[in-house]
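Participant: with the sequence up front, the predicted model follows.
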Amino acid sequence: MKTEDGIEVVSQTINNRAPAPKKKKESHLFRNMLILVLILLLIVAAGAGAFVWYALYGWEEKEELDLVNNIDVSDLGLDGYDGEGILNYDESYLASIVGYSGTSSEVKKFIESVSYTVTPDTDISNGDTVTIKAEYDKKKASKAGVKVVRDTKKIVIEELDEKDEEGYNYGSADDATESTDTFDDPEDDYSGNGNEDYTENDMYSGGGLEYVTMTADGKDGYVNVRKKPGTDSDVVVKLTNGLRVDVYDLEDGWYKIATGPYKGCYVHESTLSD
């Protein structure tokens, strides 16, 4: 077809091919779906974990415990003399004085599981610092709902007596009279009524208390110290063999301890030696 100017106009399509459609980005869609599934799985896992934690431990506030606060030098079984002090502490007793007034059986079980170390525990002198360390299982603490706020304590030792020239010190027992008697001749110390025969178990003189120092010598490597005379009485502490013990008043095979943190308690004569 021509226009008025004689220019031919082409009216047909030069290229019959339609433009190619764009490909779908299938890989991107798959990746997005995978991410969404993973997010959902994480949410489900977190919820399940929270449910299990609540079932086991609940959301209660943790019980704060100081495992060493109530322990004093009197609880460590300190005995001996300046420069030769020895600690004979009872771990179960130290655990029993942890300050907990609640009723939770889990907390009580945790406290019972705590063990203690005290260093140094021999050759102690006045002025030395001993370190008390509570050892415990952190998983047990968490399960019991316990938060331990302190597990270590330091104590300076100042309570040890000094030996006199003869190696004894008799001035610290209840109702005792000072004496430098080394019992070389015990019969000289006996003051009876004139009708009794002397025995080496008589250790009273002039109404004042006198005592002898003996050595712990138990067959199992230690000596049981009991609240009262008799094997059915509670054991207060176990003294390691070799420890020197001041005793008096032998009755029915039982000595009474005269000095130290366990004075007034009893040990059997068969567990002591000169």
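Facilitator: Structure received.
Participant: which parts of stretch 265-274 are buried?
Facilitator: Buried positions in stretch 265-274, judged by neighbour count with 16 or more other Cβ atoms under 10 Å: 265-268, 271-272. Using the backbone N, CA and C atoms, a C-beta is placed for each residue, glycine as well.
Participant: same check, this time on stretch 71-81
Facilitator: Buried-residue list, stretch 71-81, by 16+ other Cβ under 10 Å: 71, 73, 75-81.
Participant: is it true that residue 255 touches residue 248?
Facilitator: Yes. Using Cβ atoms under 8 Å, residue 255 is in contact with residue 248, at 7.0 Å.
Participant: just want to know which of those two has more residues nearby.
Facilitator: The neighbour count for residue 255 versus residue 248, taken as other Cβ atoms under 10 Å, is higher for residue 255 (25 against 18).
Participant: mind checking which of the buried residues of stretch 265-274 land in strands?
Facilitator: Under the assignment DSSP state E, these contribute 266-268, 272 to strands.
Participant: format these as CSV; extra columns: pLDDT.
Facilitator: Formatted as CSV, these follow (pLDDT from 0 to 100):
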residue, pLDDT
266, 92
267, 94
268, 93
272, 93
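Participant: of the residues you listed, closest to residue 121?
Facilitator: residue 267 (20.1 Å; Cβ to Cβ).
Participant: tell me where the stretch 1-150 of the chain has helices.
Facilitator: 26-57, 91-96, 105-113, 138-143 (DSSP state H, counting those that start in this stretch).
Participant: lowest confidence element among the helices and strands of the protein?
Facilitator: Counting by mean pLDDT, DSSP states H and E, the weakest-scoring helix or strand in the chain turns out to be strand 204-205, with a mean of 34.
Participant: quick check: mean pLDDT of stretch 45-53?
Facilitator: For stretch 45-53, the mean pLDDT works out to 77.
Participant: do the same with stretch 134-154
Facilitator: pLDDT averaged over stretch 134-154 gives 93.
Participant: so for that stretch, what gets flagged as buried?
Facilitator: 134, 136, 141, 144-146, 148, 151, 153.
Participant: please apply the same query to stretch 35-55.
Facilitator: Buried, per 16+ other Cβ under 10 Å, within stretch 35-55: nothing.
Participant: how much distance is there from it to the middle of the chain?
Facilitator: Centroid separation between stretch 35-55 and its chain, computed with Cα atoms, centre = their mean, to the nearest Å, is 38 Å.
Participant: can you check stretch 112-125 too?
Facilitator: Here stretch 112-125 is found 9 Å from its chain centre; the criterion is Cα atoms, centre = their mean.
Participant: how is this structure partitioned into domains?
Facilitator: For the chain, automatic domain parsing gives the domain ranges 63-156, 186-273.
Participant: pull up the distance across the first one, start to finish.
Facilitator: Pointing back at domain 63-156 there. Start-to-end span of domain 63-156 (Cα to Cα, to the nearest Å) is 29 Å.
Participant: same question for stretch 85-98.
Facilitator: So stretch 85-98: terminal residues 25 Å apart, Cα to Cα.
Participant: and that stretch, what's buried?
Facilitator: The neighbour-count check on stretch 85-98 (16+ other Cβ under 10 Å) flags 85-90, 94-95, 98 as buried.
Participant: many thanks, we can stop here.
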